[in-house]
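>>> A structural model of the following input is requested.
(2 chains)
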Amino acid sequence: MKTLSRRTLLRGAGAALGLPWLEAMAATGTAKSPVRMAMLYMPNGINTSAWYPEGSGRDFKLSPTLEPLAAVKDQLLVLGNLWNAASKGGDGHYVKEAAILTCATIKKTPGADIANAVSVDQVAAKRVSDQTPLPSLELGVTPVAIGVDAVVGYTRVYGSHIAWSSPTTPLAREINPRSVYERLFRAASGPQGNSAKMDKLLLDRVLGDAKKLRAEVGIADRLRLDEYLSVMRSLEERVERASNATHRAWKPRVVLDPKSTPTDRPADHAEHVRLMLDMIAAAFQSDTTRIATFMFGNSVSNVSFRFLEGVGAGHHDVSHHQKDPDKLRQYQIINRWHVEQYAYLLGRLREMKEGDSTVLDNSMVMFASALSDGDRHDPHKLPILLGGRGGGRIDSGQYLSYAEDSPLSNLYVSMLDAFGTPVERFADSTGPLSGVLKGGAA
Amino acid sequence: MRFQTYHRLFLFALACAGTAEGQYSFESAQGFLRTYCLNCHQGKSAAGGFRLEQVNAPASLRDAARKWTSLNRRVRDREMPPKGAPAPPIDQIEQFTDWVGGSLRAEACSAGVTGGPSPIRRLNRDEYANTLRDLLDIHLDLASALPAEGAGGEGFDNAAETLFLSPLHSEKYMEIARFALDFAAKEYKSRTRILIAAPGNGVTEAEAARRIFAHFLPKAFRRPVKEDSIAPYLTLFHAARKQGQQFDASVFFALRAALVSPMFLFRAEPPNTGTESRPVDQYAMASRLSYFIWGSMPDELLFDVAEAGKLQDPEVLQQLVRRMLRSEKSMAFARGFVEQWLRTRELATDKAPDAKLIASFPDPEELRSDIRYQPVMFFRELVLRDLPLLHLLDSRYTIGTSNLAKLHGAANMPVRKTASKQPHWMELPEGTQLGGLLGMPAVLAVSSYPYRTSPVLRGAFILDSILGTPPLPPPPGVPPLEEHREGEAPKSVRERLTQHRVNPLCAGCHSRIDPMGFALENFDMIGRWRDEDAGKPVDNSAELADGTKVAGPRELKAYLMSKKDLFVRNLAGKMLGYALGRGLTLQDSCAVDQIVAKVKENDYKAQSLIDAVVLSVPFRYQKEQSKP
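This is a model prediction of the structure:
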């Protein structure tokens, strides 16, 4: 079998664990600090008995699952009773999870006519894509789930993507921390010497080939080539912006250090997750991008959490607890572990000074699952958290519980507003989510 | 209201009468529809705009095939009747959906098989990496630099419909093109293969570059390239020269563009602008063959045969397929097909064998790899030896390695002393039950949790992946299983599942799913034989849905052998889907029937399946382009 296992020549020997951080580099932020937005998605729902805080408003006590957030409680919003009405039918997972950031009803298909909607992160990314080297960052830790779920009739593509740049285009995720860092580094340093000019020539050429080919193919195939044209054009624009010194408005707020490149072989799931969260932090601190989405796992993920004390099974398995107290206990431990990772990211961002504030002050970091009780595939009362002050716009430090089945999309309206890319409506929104933004916006 | 209830009962009785005679008919199906659907789907304000009158004539199976397909799917998925309305019992759902599916197919097939859509398709990451390997003659792991693809159609990652492009791809394609060509420029073999001309001796720089491009581009684009398509690459070459780059560097720069061009990254077949289905052109055929069997570009011979116009000749095709299968490159087919058909790719992620279970092995990593590749190698050997496909269900042979022998015990798997570390074809001793796919750790692990077996997962795996009859989804609003009572002793999996089947809502499907899994209980979660589980003897007895009683893997496999037609049809459909790189249409399923017939004629020989796929109408023809 030896002969079958491919030796990876691209992979270096780098085995640095964790990232030495770059506090030494002074923030260059003279202008107002930009607002950043990240969404962290956890599959399989929650143990509902241990999630919701006691109390309400500013006077609330964190639940056992949310306890790891104690240190950042003043920067946190716990949001109760939100749901995504568009995800109520269909199957137990894909319909819910693919739509967590789109609030649309996905089309049931093994692939041929895939359809969702543009996700909230991409609504924002489209409007600020010219401001940073990368428009957005899509990250995960497990490869795309393969195959078509023949029992329920959905392609697993749905369960592996929360960021959608168009109703028909899920965005590919990067799962290798080393590649992410190298990508950030390259994007932030911009093209060197005359390579930008050459890259532009090259891209012009391939765009020419694409237009020619597009004229020859049938209607349906044009969509695919339009996808090609669109990603290549946006790359061309980025090369152009980066190479034009006088027009290059963007400067890294902190310079990325190539010595900080992480390993591409994380030792285990926990390290892998941490490294990917570090990448979000590095991207936000350097301002290489302002938008990131991260999936802790794919829909129906059964990643083994046996590395956690007291857990003996996989994620999805445990989420179908059937009210067995032991499984419920394990379910809660797994939930709490995810919240710890979220707290870790919030903590990292808070350590990053940015003028008089911190990167966390200027961020909105959402944590979400698309189900509450995983055993019942329940899309009501979703577990939603929002960390960071969004540049001072978010009225954090509260537990806000809304009328039953309030639209999750209202939160997105508020977040897009705080991000500086306001919209009239998002999907089924009825307005901003009251209490989230400071000053009015009730 | 009362009237409606009686009405319904009456119709119900009628529908049952139809089935009692044993012949499900058009009338039986109409009875089913009237019983469960008529209430909402009639009149001007019919729900969803769908009225039963639209499907109440036999001709509607032809004229309103889409309506039938969609209603059939909704009944099968239990979206209809909606929650709250009386739901049909499961055997009625099955009779109805089987009849609709069969009738639609019969209707579609009566018109004869025609070519299918030939969508433009991006190379997936393995195809991309393999193509660069063969085009540049370099050996690097380029695939892992790209994001993995999801799957569509028949469940494979080469399906045109789910090969999307993200900004991430555009960056990666640029980087990999540079990296791969820099590497090729330094390798003597690759370099000489690309730089087939040099300036000097009366050859101008421009002429040398033109010759290089005229040689390279048709291979990169997998079809002849006209002079006017070469010119832009010459322009790039000149631009690089103007920037002060050397001749070679300027050539490689222009080639970089070729590797990012859609002509390279996509497989596009010349569209059929006619009014009926036609054979695909020679070069498209070369690529169809090479990406099916090699997951890569055509080689010189295929290009030559295409140029000679012989790639629609059945005898030539058959010979070529034989030759292509013998090449090392056909491993891409074995891996791509088997690992996705059986989902054993998941052994690298969610289904990775638990580290603690295999920690005692000298090289656990090697064992993992042996486990994962056993079904792949087994499949490839079946094909190369042209053995019956039924060996996949049960066999006296398997692929052995010393690691696997250690896992199973030398008595079950006596591997040869020499070269035993290498995977090899071996005869299993009398009495072992390790034959066929269902005796392989990969398959047994991928249908378990990493820490325990699951009769449900294994049963569902057999129904879906082996027999091609996936279980129905759970009905909407299933109540959670029985509550665990305080102080109660924990129940065994079998006990809990038995309770499960007491609930009539669950019983319909789980009486089909679970028993198959029980029969495999002698295999633990990584496929080791066990007679005891947690101190108790393993109970491997099961009563299958049709009343057949089986005990243990051997009897289950014998039962599956009696369902061999279902198995072969499923396998043939999967393989045609993989070969075409798209989801199958109703028309394609007619071709599957023909393929299955060919395979049966040939005593289920493995190569006869591959031949029949390659010679099938959908593989060789494309349908007319749809009009705007």
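>>> next one: stretch B:300-319 to chain centre, how far?
Taking the mean C-alpha point of stretch B:300-319 and that of its whole chain, the gap between them comes to 26 Å (CA atoms, centre = their mean, to the nearest Å).
>>> I meant to write stretch B:579-598 there.
Averaging C-alpha positions (CA atoms, centre = their mean) puts stretch B:579-598 13 Å from its chain's average.
>>> how about it against chain A, any contact?
Yes: for a cut-off given as CB under 8 Å from any CB of the partner chain, stretch B:579-598 has contacts with chain A, namely B:Arg582, B:Gly583. Quick note: C-beta positions are derived from backbone N, CA and C, even for glycine.
>>> what sits against B:Ile358?
Applying CB atoms under 8 Å, 6 or more residues apart in numbering or on different chains to B:Ile358 gives the contacts B:Pro364, B:Leu367, B:Arg368, B:Ile526.
>>> would you mind listing which of these are buried?
Buried residues within the contacts of B:Ile358, counting neighbours by 16 or more other CB atoms under 10 Å in any protein chain shown: B:Leu367, B:Arg368, B:Ile526.
>>> sorry, back to before: of the contacts of B:Ile358, closest to B:Asp77?
Proximity to B:Asp77 was ranked across the contacts of B:Ile358 by CB to CB; first place goes to B:Ile526, at 33.7 Å.
>>> quick check: which ranges of the chain have low pLDDT?
Went with chain A since none was named. Low-confidence regions of chain A, defined by pLDDT under 70, span residues A:1-31, A:245-248, A:440-442.
>>> meant chain B, my bad for not saying
Judged against pLDDT under 70, the low-scoring parts of chain B cover residues B:1-22, B:418-419, B:476-491, B:627-628.
>>> can you name the residue of chain A nearest chain B?
Scanning chain A for proximity to chain B using CB to the nearest CB identifies A:Gly111 as nearest, at 2.0 Å.
>>> thought that residue was touching A:Thr155?
Yes: counting by CB atoms under 8 Å, A:Thr155 is a contact partner of A:Gly111 at 4.3 Å.
>>> who touches both of those two?
Both A:Gly111 and A:Thr155 are contacted by A:Val148, B:Ala151, B:Gly152, B:Thr162, under the criterion CB under 8 Å, 6+ apart.
>>> before we move on, the earlier item: comparing A:Gly111 and A:Thr155, which residue is more hemmed in?
Neighbour count, other CB atoms under 10 Å in any protein chain shown: between A:Gly111 and A:Thr155, A:Thr155 has more, with 30 against 25.
>>> next, count neighbours for the closest residue to chain A within the stretch 51-200 of chain B.
The minimum distance from the stretch 51-200 of chain B to chain A, using CB to the nearest CB, falls at B:Gly152 (2.0 Å). Neighbour count of B:Gly152, defined by other CB under 10 Å: 29.
>>> dump the residue contacts of it.
For B:Gly152, the contacting residues are A:109-112, A:114, A:148, A:155, A:157, B:159-162, B:583, taking CB under 8 Å, 6+ apart as the criterion.
>>> also B:Cys40?
B:Ala46, B:Ala47, B:Ala85.
>>> might one say that the last one is in contact with B:His41?
Think B:Ala85. No: with contact defined as CB under 8 Å, B:Ala85 and B:His41 do not form a contacting pair (11.2 Å).
>>> about what we covered before: who wins on neighbours among the contacts of B:Cys40?
Counting by other CB under 10 Å, top hit in these: B:Ala46 with 16 neighbours.
>>> now do the closest residue to it other than its chain neighbours against B:Leu472, distance only.
Spatial nearest neighbour of B:Ala46, chain neighbours left out: B:Cys40 (6.9 Å); criterion: CB to CB, 6 or more residues apart in numbering or on different chains. Distance from B:Cys40 to B:Leu472, counting by CB to CB, to the nearest Å: 21 Å.
>>> ok, now B:Glu339?
Computed as CB to CB, the B:Glu339 to B:Leu472 distance reads 27 Å.
>>> quick one, which of those two is more surrounded?
Residue environment comparison for B:Glu339 versus B:Leu472 gives the larger neighbour count to B:Glu339, 24 against 19, counting by other CB under 10 Å.
>>> check the secondary structure at the more buried one for me.
Of the three states, B:Glu339 takes helix under DSSP: H, G, I helix; E, B strand; the rest coil.
>>> all strands for the stretch 151-300 of chain A, in order.
The residue ranges that make up the strands of the stretch 151-300 of chain A, judged by DSSP state E, counting those that start in this stretch, are A:154-155, A:164-166, A:169-170, A:291-295.
>>> mind putting those in CSV, distance to B:Asp248 included?
Written out in CSV, the entries for the strands of the stretch 151-300 of chain A read as follows (distance: least, CB to CB, whole Å):
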stretch, distance to B:Asp248
strand A:154-155, 45
strand A:164-166, 39
strand A:169-170, 38
strand A:291-295, 41
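>>> any idea how many residues pack against whichever residue of the stretch 501-628 of chain B sits closest to chain A?
The minimum distance from the stretch 501-628 of chain B to chain A, using CB to the nearest CB, falls at B:Gln625 (4.2 Å). As a burial measure, B:Gln625 scores 18 neighbours (other CB under 10 Å).
>>> and what of A:Asp199?
Every residue meeting other CB under 10 Å relative to A:Asp199 is counted, giving 21.
>>> skipping adjacent residues, who's closest to B:Thr235 in space?
Residue nearest to B:Thr235 in three dimensions, not counting chain neighbours: A:Arg205, with 7.9 Å by CB to CB, 6+ apart.
>>> I meant A:Val152, not that one.
The spatially closest residue to A:Val152, leaving aside those adjacent along the chain, is A:Asp91, at 4.0 Å (CB to CB, 6+ apart).
>>> residue contacts, the one you found?
Remark: with contacts taken as CB under 8 Å, 6+ apart, A:Asp91 is in contact with A:Asp149, A:Val152, A:Gly153, A:Tyr154, A:His377, B:Pro473.
>>> ok, 7 Å please
If you count contacts by CB atoms under 7 Å, 6 or more residues apart in numbering or on different chains, A:Asp91 has them with A:Val152, A:Tyr154, B:Pro473.
>>> what sits opposite the spatially most central residue of chain A in the beta ladder?
Per CA atoms, centre = their mean, the C-alpha nearest to the average position across chain A is that of A:Thr293, at 1.1 Å. In this structure, A:Thr293 has beta-bridge partners A:Met39, A:Glu138, where bridges are defined by DSSP bridges.
>>> so how far is B:Tyr397 from it?
Plainly put, A:Thr293 is 48 Å away from B:Tyr397 if you go by CB to CB.
>>> would you confirm that A:Val423 contacts A:Leu416?
Yes: under the criterion of CB atoms under 7 Å, A:Val423 lies in contact with A:Leu416, with a separation of 5.2 Å.
>>> now do the same contact list for residue 36.
Chain wasn't specified; assuming chain A. The contact partners of A:Arg36, by CB under 7 Å, 6+ apart, come to A:Phe284, A:Arg290, A:Asn362, A:Ser363.
>>> wait, chain B
The contact partners of B:Tyr36, by CB under 7 Å, 6+ apart, come to B:Pro81, B:Pro86, B:Pro88.
>>> same check on B:Leu428?
By CB under 7 Å, 6+ apart, the contact list for B:Leu428 reads B:Arg396, B:Tyr397, B:Thr398, B:Leu434, B:Gly435.
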